[in-house]
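> Sequence plus predicted model, see below.
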Amino acid sequence: MKLSKLYCNNKDFKNITFNLTGLNVIYADVKPIDKIRKDNSHSRGKTKVAELIDFLLLKKIDNKHFLLKNKNQNNKTSIFIDYIFFLEIELNSGQFLTIKRSVINNSKISFAINNQKTDSYNPPQNFEDNIPIDKAKLKLSIYLNFDFFFGKKYDYRKALSYILRTPPDDYKDVYQLSNFYKHKDWKPFIFDLLGFDGDLLSKKYENDEEIQEINGFIQTLRKEYNIDKKNRDNLVGEKISIEENIQNIQRKVDSFNFYDQDKKLIENGINFIEGEISNFNSISYNINYEIDKLNKSIQNEFAFDIKKVSKVFDESQIYFGEQIKNDYKNLLDFNKKITSERNKLVQKVLKSKQLELKKINNSLEELNSKKENLLSVIQDTDVFKKFKNHQKILTKSEEELIEINEKIKSIDLIFSKENEIEVKQENIKETVNKIKELLLTTQDNKKYKDIRTKFNHYFNNILNDEEAQISWYINKEGNVEFPSPKVFDKATKNKETAKDEGTTYKKMLCVAFDLSILSSYSNQSYFRFVFHDDVLSQQDNGIKIRLLELINKICKEYNLQYILSVIKSDLPSNDENNDEIIYFKKDEIILELNDLNEKGTLFGFEF
């Protein structure tokens with residue numbers, strides 16, 4: 001898949017026609033950055049081209065996206081509200097697909113398929129309109145027909161982050177880009193991309209998360225019921241003792257001898273009523289106990305202050321990295337989401353339990369009134385007092401029995417959940433063993449070998465006297481790690497850490513990686529273009545010249561499309577007089593921007 005045209009219904013927008021093969025240059029002739037002014041005069045819209053391509057390849061957007069930028073504080077309407085964008089792409093089948101997406105109704109997508117490119121910037125007439133974006137993604141996936149994504153849990157958009165690289169975040173790391181916060185978001189994909197089985201990594205992360213959730217549930221049970229599984233047998237002993245005590249008290253209650261009339265009343269009335277009261281009391285206790293647990297559950301909010309943690313790290317002079325902050329924030333978001341969803345359900349159950357308790361209490365009041373009326377006819381008050389005392393003891397013992405039974409059930413549930421954890425740990429062990437087998441046979445993986453070879457070759461071509469090596473390993477938790485590719489001196493093979501950690505080298509590592517992926521997958525249905533924004537910035541002349549030569553060579557050899565954005569001051573210069581040497585043919589420059597006035601911007605105005 002390649003880019004063919006990017007255009008808009010607004011006449012001030014600078015429409016773009018891409019070269020289907022070879023170099024595509026977005027060139028900006030701008031003044032140096034004015035350090036006094038807060039705005040950056042380099043921002044003419046070259047990076048916005050990448051964002052528009054991403055938008056038209058169906059990225060979901062929110063109010064933070066520049067297309068939804070408000071006109072001003074008083075006018076909440078987007079300045080782009082009337083814009084409709086079109087992206088024509090060449091499919092690997094040879095057909096051309098036009099994607100239409102408006103700003104005002106950006107969740108609805110339109111497609112038009114043709115056997116040839118459209119004329120000028122006139123949209124096709126045969127659009128299939130107003131397709132919901134999620135359904136449109138599925139439809140676009142079918143149009144693209146990429147071999148790589150068959151049977152995968154993710155789609156073409158996962159790879160777009162490596163196809164559209166923009167500074168500064170997307171050049172900080174070869175693998176983990178700015179929009180990938182969790183390892184499960186990108187590591188399985190990279191593992192697949194390098195020719196291994198990414199599903200193994202996904203299963204490992206899924207089992208890890210499920211174990212974490214189960215452990216959280218177990219801790220909640222322990223806290224709410226105040227239990228320890230080692231006390232189960234002791235609780236069983238208490239249960240037996242209480243049951244025996246209940247039987248003894250019940251026998252004493254049954255043994256009371258009232259005179260005939262009173263005995264008949266007890267047998268025919270009081271016993272029945274007491275039985276009902278006991279039953280309702282048991283139900284009432286259960287409901288009260290559950291209401292208490294539900295109320296406590298709602299009160300137990302997850303408390304974590306990232307600022308306090310950051311302050312502790314600062315006071316301790318310990319570096320509190322962005323990744324750690326992200327992990328903490330992910331943990332906080334995860335727990336807040338779980339707590340919020342759980343509390344909604346708890347509130348619903350709580351309301352139901354309170355209504356049920358009200359009905360039970362009404363029934364108890366009615367039964368107690370009947371019982372008092374019957375007992376009022378009994379003349380032997382001493383016998384009655386003993387009878388009533390035994391009934392109180394009996395009720396209390398029954399409540400204790402219910403509580404112990406609940407604790408035993410909770411402990412049994414903990415044992416059951418721990419068995420689930422053991423099963424998942426066995427699954428993890430099996431998965432890690434499979435990953436280890438792959439690590440022990442990397443030399444047999446043809447795709448991995450091809451990518452590694454191309455990566456090292458491309459990097460060596462760009463840096464001239466340096467080599468770079470892709471690798472991966474398994475950490476002590478059984479997870480796959482992708483370290484930054486190591487840079488070696490070609491002659492001595494010695495690693496030079498200052499180089500592979502520098503901004504210049506990291507950017508070139510990213511470029512070499514993207515090119516090695518595209519060229520390695522060029523014999524399959526996959527992306528056949530890459531967009532590198534501002535890639536020549538902060539590079540020396542030799543690197544710039546060799547990179548451009550390599551790009552031209554690779555594009556011709558593998559039929560690829562390379563889109564490069566560059567500002568005038570970043571072009572290779574003559575060492576003697578510092579004049580720019582233009583290494584681009586006229587037809588390779590697909591978009592020219594400048595800062596002479598607003599007309600020189602991508603949209604024809606500043607925002």
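Happy to help now that I have it.
> switch to C-alpha atoms for all contacts and neighbour counts from now on
Will do.
> domains in the chain, as residue ranges please.
If you go by automatic domain parsing, the domain ranges for the chain are 2-146+527-600, 210-438.
> Would you mind measuring the gap between the ends of the last one?
By that I understand domain 210-438. 25 Å (CA to CA, to the nearest Å).
> low pLDDT regions in the protein?
32-43, 71-74, 255-268, 299-329, 331-335, 373-384, 491-503, 574-583 (pLDDT under 70).
> Which stretch among the domains of the chain is buried most, on average?
Stretch with highest mean neighbour count among those: domain 2-146+527-600 (a mean of 17; mean count of other CA atoms under 10 Å).
> contacting residues around stretch 182-197?
158, 175-176, 180, 198-202, 205, 327, 438, 445-448, 451, 480, 517 (CA atoms under 8 Å, 6 or more residues apart in numbering).
> Show me the helices in the stretch 251-400 of the chain, by range?
Using DSSP state H, counting those that start in this stretch, the helices found in the stretch 251-400 of the chain span residues 260-265, 271-299, 306-315, 322-375, 381-440.
> Please apply the same query to the stretch 401-550 of the chain.
Going by DSSP H, counting those that start in this stretch, the stretch 401-550 of the chain shows helices at 446-463, 497-500, 503-520, 541-558.
> Tabulate those helices in CSV, adding columns for distance to residue 585.
Formatted as CSV, the helices of the stretch 401-550 of the chain follow (distance: least, CA to CA, whole Å):
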stretch, distance to residue 585
helix 446-463, 21
helix 497-500, 32
helix 503-520, 21
helix 541-558, 12
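> Among those helices, which comes closest to residue 411?
Among the helices of the stretch 401-550 of the chain, helix 446-463 comes nearest to residue 411, with 49.3 Å by CA to CA.
> wait, residue 29 sits on residue 591?
No: assessed by CA atoms under 8 Å, residue 29 is found out of contact with residue 591, at 11.0 Å.
> List the buried residues of stretch 170-179.
Residues 170-177 are the ones in stretch 170-179 that count as buried (16 or more other CA atoms under 10 Å).
> can you give me the end-to-end distance of stretch 124-144?
19 Å.
> so how far is that stretch from its chain's centroid?
Relative to its parent chain, stretch 124-144 has a centroid offset of 25 Å by CA atoms, centre = their mean, to the nearest Å.
> Next: stretch 461-473.
31 Å.
> gap between residue 29 and residue 141?
Per CA to CA, residue 29 is found 37 Å from residue 141.
> Same check on residue 280?
With CA to CA as the criterion, residue 280 and residue 141 are 61 Å apart.
> Doesn't residue 75 belong to a helix?
No: Residue 75: not assigned to a helix; according to DSSP: H, G, I helix; E, B strand; the rest coil it is coil.
> got the contact list for it?
Residues in contact with residue 75 (CA under 8 Å, 6+ apart): none are found.
> same check, this time on residue 466
Residue 466 neighbours (CA under 8 Å, 6+ apart): 459-460, 487-490.
> Pull out the buried residues from the residues you listed.
459-460, 487-489.
> what about the closest residue to residue 421 other than its chain neighbours, which SS state?
In space, and not counting its chain neighbours, residue 421 is closest to residue 211: 5.8 Å by CA to CA, 6 or more residues apart in numbering. Using three-state DSSP, the structure places residue 211 in helix.
> Settle this for me: residue 211 is touching residue 424, isn't it.
Yes: shown here, residue 211 and residue 424 form a contact pair, counting by CA under 8 Å, at 7.2 Å.
> and residue 592, how far is that from residue 565?
With CA to CA as the criterion, residue 592 and residue 565 are 10 Å apart.
> Overlap in contacts, the two.
Common neighbours of residue 592 and residue 565 (CA under 8 Å, 6+ apart) are 26-28.
> With respect to residue 110, which of those is nearest?
residue 26 (27.1 Å).
> Just to check, that closest one is in contact with residue 594?
No: if you go by CA under 8 Å, residue 26 and residue 594 don't touch, sitting 11.0 Å apart.
> what's the spacing between residue 426 and residue 433?
Residue 426 is 11 Å from residue 433, by CA to CA.
> I misspoke; the intended subject was residue 206.
In terms of CA to CA, residue 206 sits 16 Å off from residue 433.
> Quick check: phi and psi at residue 479.
phi -100, psi 150 (degrees, to the nearest 10).
> burial measure for it, as a count.
15 (other CA atoms under 10 Å).
> pretty sure it is touching residue 201, no?
Yes: between residue 479 and residue 201 there is a contact under CA under 8 Å: 7.5 Å.
> returning to that earlier point: quick one, which of the helices of the stretch 251-400 of the chain is nearest to residue 120?
Using CA to CA, the nearest of the helices of the stretch 251-400 of the chain to residue 120 is helix 322-375, at 46.1 Å.
> The closest one - contacts with which helices or strands?
helix 271-299, helix 306-315 (3 or more CA pairs under 8 Å, 6 or more residues apart in numbering; DSSP states H and E).
> would a markdown table of these with distance to residue 512 be doable?
Listed next are these as a markdown table, based on distance: least, CA to CA, whole Å:
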| stretch | distance to residue 512 |
| --- | --- |
| helix 271-299 | 53 |
| helix 306-315 | 36 |
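> Out of those, which is closest to residue 70?
helix 306-315 (30.9 Å).
> TSV for the buried ones among the contacts of residue 466, including distance to residue 475?
Below are these laid out as TSV (distance: CA to CA, whole Å):
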residue	distance to residue 475
459	27
460	29
487	22
488	24
489	27
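> For these, work out which two are farthest apart.
Maximum pairwise distance among these (CA to CA): 11.8 Å, between 459 and 489.
> shared neighbours, those two?
Common neighbours of residue 459 and residue 489 (CA under 8 Å, 6+ apart) are 466-467.
> doesn't residue 548 make contact with residue 458?
No: Residue 458 is beyond contact range of residue 548, at 11.6 Å (criterion: CA under 8 Å).
> about what we covered before: wait, which of the helices of the stretch 251-400 of the chain is closest to residue 150?
helix 381-440 (21.4 Å).
> Could you check the angle that closest one makes with helix 271-299?
When axes from the mean of the first three to the mean of the last three CA atoms, to 10 degrees is applied, the directions of helix 381-440 and helix 271-299 differ by 40 degrees.
> for helix 381-440, packing partners?
helix 198-225, helix 232-254, helix 271-299.
> Distance to residue 398 for the ones you listed - can I get that in a markdown table?
Putting those into a markdown table (distance: least, CA to CA, whole Å) gives the following:
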| stretch | distance to residue 398 |
| --- | --- |
| helix 198-225 | 18 |
| helix 232-254 | 7 |
| helix 271-299 | 7 |
